[in-house]
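> Pasted the sequence and its predicted model underneath.
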Amino acid sequence: MIQNPVFKGFNPDPSICRRGDDYYVAVSSFEWFPGLPVYHSRDLKHWQLLTHVLTDDNNPDLKKLPSAKGIWAPSLTWCEEEKLFYVIYGVMNSMNSRYFDVDNYLITASEITGPWSEPVYLHSAGFDASILHDTDGKKWIVSLEWETREGYEKPGAICLVEYSPQTRSVVGYPQRIWRGGTDRGCIEAPHLTRRGDYYYLMVAEGGTGYGHAVTMARATQVAGPYEGDPQNPIVTSWPENFNARHDADHLKPHYFNPQTYLQKAGHGSYVETPTGEVWLTHLCSRPFRQALRCPLGRETAIQKMVWSDDGWLRMAAGGNLAQHQVEESNLPSQPFPAKPDRDDFDGQTLDNAFYAPRIRFQRFTSLERKAGYLALRGQESLSSLNKVSLLAKKLTSVYATIITKMEFSPEIYQHSAGLTLYYDNMNYLFLHKTWDEASGAAQLAIIYMDNGERHDDPQKIRLAEGEVYLAMAINGREIRCSWSADGAKYQNIGAVYDTSRFSDEYSRYGEFTGAFVGMACVDSMLHRKEALFDFFSYRAVEDAIIE
């Protein structure tokens, strides 16, 4: 059986495509670099993180963008006629006063690993743009047209515009073609495909929260008129329809369904195998069920689908509830070697699962300062939206242990380095070594940032010179920090912190990403003090059930 989610932790808005016997899924990355992770599989059960589409932090430049802005909702397609991968993505610049200021771009590559072309600007009508390569050679782009006028249904309608590869631009203005197949509202995430005599429009409705859903419509002409699937939604976590067309709240916690494990199921795209199997990827979340908070963010799941006799997609398992366990495909099993849970920094490159907020981590990391060590050059505080020296991995389970061994000699209080659990610049936990002027010595301390309000844990530990081991143990709702001088005997430090507070639902300023764990270094005086890390260990119970 396939166990969902297949991509655990922060991996929302999946877009799936096939080239030959290879399957690829691209997901959103928001303010994190490198941008647009791409996962690869040959059997739809076993996946590996293969590459990232966006690696130049000058294009797009995400510095100073607020949390949860940045790179949204990729569309990954393969055009067989051109032998090219297409990626369309949006850069969300602002969501102030209900003006969603987004720029949509298109890039291409002959190989999924690149190199990718220079981005072509498409339009700024709204987010979640995607492309159809039609059988007659034309190309059509669908997206949400974001509605800003008072008295009109929010968030807007799905719109369509032709794209000209010759002029590398859209042809005319986008035209509205669909307002949804249910009354859930919050329509978004359109994907347009063609099968037989029909154009199929797959969209998300209900908001990217507990009322989320995948719905479908079809038409014999690309511009419509479209008819909705009479059984919409086709995949969801809340099976009964409701009327929320004028409700701007996307989370809708009152639609939490205690009868299903995967919540928030929606934002789907599908692919067909050479043997005719149909598979749909969608985002989902796994909240702490009492708190209704999701520190792992929005994850990616996959469902087996079938075409009905009357030409609509249906879940192979029956019904429309997103399934935790799914029957495997008939493709030959092709697992990937397991990745180690510890990075010893002995190679010449870092693991591709490392990320940094807003900038390339190559700007502040080095593997050449000391053999077998990673150097982080300190920059701005973890609360900054600009240049932050944080190297982190996605939290994939709420049962995990994170350990590092660090060499760091702070000289002023503006120097600090250590281990962090980080949701965004307003919500993080920082176990760090810094300089204490009162004692004239280095000390171990904890900063807890709670929706922008700083809390310094009252317990401090005076540290001797030399290396120190730092650890965080996440056990469901509880987070414990500890340290050791020798790596054998650990001592707790600080309070017990609440994992659920590093989540979409708790955050007042983010809401769309997920928690990360990693190493950080701060030099808010001169931006040059370095910390050395001997290893980074992340051990998680990946299949643990969240309750």
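On my side now, so go ahead. Numbering: from 1, shown residues only.

> Going by C-alpha atoms from here, please, whenever you check contacts or count neighbours.
Fine.

> What is the helix or strand hosting Tyr270 packed up against?
Here Tyr270, judged by DSSP states H and E, is contained in strand 263-272. Secondary-structure packing of strand 263-272 (3 or more C-alpha pairs under 8 Å, 6 or more residues apart in numbering; DSSP states H and E): strand 15-19, strand 188-195, strand 198-205, strand 213-219, strand 235-236, strand 278-285.

> what's the most buried one of those?
Ranked by mean neighbour count under mean count of other C-alpha atoms under 10 Å, the helices and strands packed on strand 263-272 are led by strand 235-236, which reaches a mean of 30.

> Which residues does that strand contact?
With contacts defined as C-alpha atoms under 8 Å, 6 or more residues apart in numbering, strand 235-236 is touched by Gly211, His212, Ala213, Val214, Thr215, Lys264, Ala265, Gly266, Met315, Asn320, Leu321, Ala322.

> Report how many residues lie close to the last one.
In terms of burial, Ala322 registers 29 neighbours under the definition other C-alpha atoms under 10 Å.

> And it, what's its pLDDT?
Note for Ala322: predicted pLDDT of 99.

> How about the contacts made by it?
Contacts for Ala322 (C-alpha under 8 Å, 6+ apart) come out as Val235, Thr236, Ser237, Thr260, Leu262, Ala265, Gln303.

> so how far is Tyr469 from it?
Distance, Ala322 to Tyr469, by C-alpha to C-alpha, to the nearest Å: 42 Å.

> The first one too?
Taking C-alpha to C-alpha as the measure, Gly211 and Tyr469 are separated by 44 Å.

> Specify which residue of those two has the higher count of neighbours.
It is Gly211, of Gly211 and Tyr469, that has more neighbours when counted by other C-alpha under 10 Å, with 31 against 23.

> surely the more buried one meets Lys264?
Yes. The pair Gly211 and Lys264 passes the contact test of C-alpha atoms under 8 Å, sitting 6.4 Å apart.

> who touches both of those two?
Joint contacts of Gly211 and Lys264 (C-alpha under 8 Å, 6+ apart) are Thr236, Ser237.

> tell me the domain ranges of this protein?
With automatic domain parsing as the criterion, the domains of the chain are listed as 2-326, 342-540.

> closest one to Pro332 among the ones you listed?
Pro332 lies closest to domain 2-326 among those, at 6.2 Å (C-alpha to C-alpha).

> and the closest one, how far out from the chain's middle?
Put simply, domain 2-326 sits 13 Å off its chain's centre (C-alpha atoms, centre = their mean, to the nearest Å).

> now the end-to-end length of it.
By C-alpha to C-alpha, the extent of domain 2-326 from end to end equals 5 Å.

> Likewise for stretch 400-413?
This stretch, stretch 400-413, spans 30 Å end to end (C-alpha to C-alpha).

> what bridges to the residue nearest to Leu395 when sequence neighbours are not counted?
Nearest residue to Leu395, sequence neighbours excluded (C-alpha to C-alpha, 6 or more residues apart in numbering): Phe516, at 5.0 Å. Under DSSP bridges, the beta-bridge partners of Phe516 are Lys394, Tyr422.

> count of residues packed around Phe516?
26.

> Leu76 too?
Leu76 has 26 neighbours, counted by other C-alpha under 10 Å.

> if I look at the spatially closest residue to Gly268 that is not a sequence neighbour, how far off is Ser75?
Nearest-residue entry for Gly268: His282, 4.2 Å, with adjacent residues in sequence omitted and distances by C-alpha to C-alpha, 6+ apart. In this view, His282 and Ser75 are 13 Å apart by C-alpha to C-alpha.

> Same question for Asn475.
Asn475 is 36 Å from Ser75, where distance means C-alpha to C-alpha.

> Thr499 too?
For Thr499, the distance to Ser75 equals 32 Å [C-alpha to C-alpha].

> okay, the two: which has more neighbours?
Per other C-alpha under 10 Å, whichever of Thr499 and Ser75 has more neighbours is Ser75, with 29 against 22.

> Tell me the bridge partners for the more buried one.
Here Ser75 sits in beta bridges with Ile88, going by DSSP bridges.

> next one: the one 4 residues further on
Going by DSSP bridges, Cys79 is paired in beta bridges with Leu84.

> quick one, phi/psi of Ser97?
Dihedral pair for Ser97: phi 50, psi 40, per degrees, to the nearest 10.

> Which pLDDT value does the model give it?
pLDDT, read off for Ser97, is 77.

> Over to Ala540?
We have a pLDDT of 98 for Ala540.

> Spatially, which residue comes closest to it, not counting chain neighbours?
Excluding its sequence neighbours, the residue lying closest to Ala540 (C-alpha to C-alpha, 6+ apart) is Ala400, at 4.1 Å.

> so which of the helices and strands packed on strand 263-272 gets nearest Arg298?
strand 278-285 (4.9 Å).

> Which strands and helices lie in contact with the closest one?
strand 15-19, strand 263-272, strand 299-307.

> and with 10 Å instead?
Counting by 3 or more C-alpha pairs under 10 Å, 6 or more residues apart in numbering; DSSP states H and E, the packing neighbours recorded for strand 278-285 are strand 15-19, strand 213-219, strand 235-236, strand 263-272, strand 299-307, strand 313-315.

> quick one, it and strand 198-205 angle?
10 degrees (axes from the mean of the first three to the mean of the last three C-alpha atoms, to 10 degrees).

> can you give me the mean pLDDT across strand 278-285?
99.

> Who does it pair with, and is each partner parallel or antiparallel?
As defined by DSSP bridges, the strand partners of strand 278-285 come to strand 263-272 (antiparallel), strand 299-307 (antiparallel).

> out of the ones you listed, deepest packed?
strand 263-272 (a mean of 27).

> With just CA atoms, put that one into PDB.
C-alpha atoms of strand 263-272 as PDB (Å, rounded to 0.1, in the frame of the first residue of the first chain):
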ATOM      1  CA  GLN A 263      -7.400  17.100   6.400                       C
ATOM      2  CA  LYS A 264      -7.600  20.000   4.000                       C
ATOM      3  CA  ALA A 265      -7.500  17.800   0.900                       C
ATOM      4  CA  GLY A 266      -7.500  19.900  -2.300                       C
ATOM      5  CA  HIS A 267      -5.500  21.600  -5.000                       C
ATOM      6  CA  GLY A 268      -5.100  18.600  -7.200                       C
ATOM      7  CA  SER A 269      -3.500  17.600 -10.600                       C
ATOM      8  CA  TYR A 270      -3.600  14.300 -12.300                       C
ATOM      9  CA  VAL A 271      -1.500  12.100 -14.600                       C
ATOM     10  CA  GLU A 272      -2.200   8.900 -16.600                       C
END
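
> circling back: looking at the helices and strands packed on strand 278-285, which is closest to Phe30?
Among these, if distance is taken as C-alpha to C-alpha, the winner is strand 299-307, at 13.8 Å.

> okay, the angle between the closest one and strand 15-19?
Per the same axes, to 10 degrees, the angle that strand 299-307 makes with strand 15-19 is 60 degrees.

> which SS class is Asn59?
Using DSSP: H, G, I helix; E, B strand; the rest coil, the structure places Asn59 in coil.
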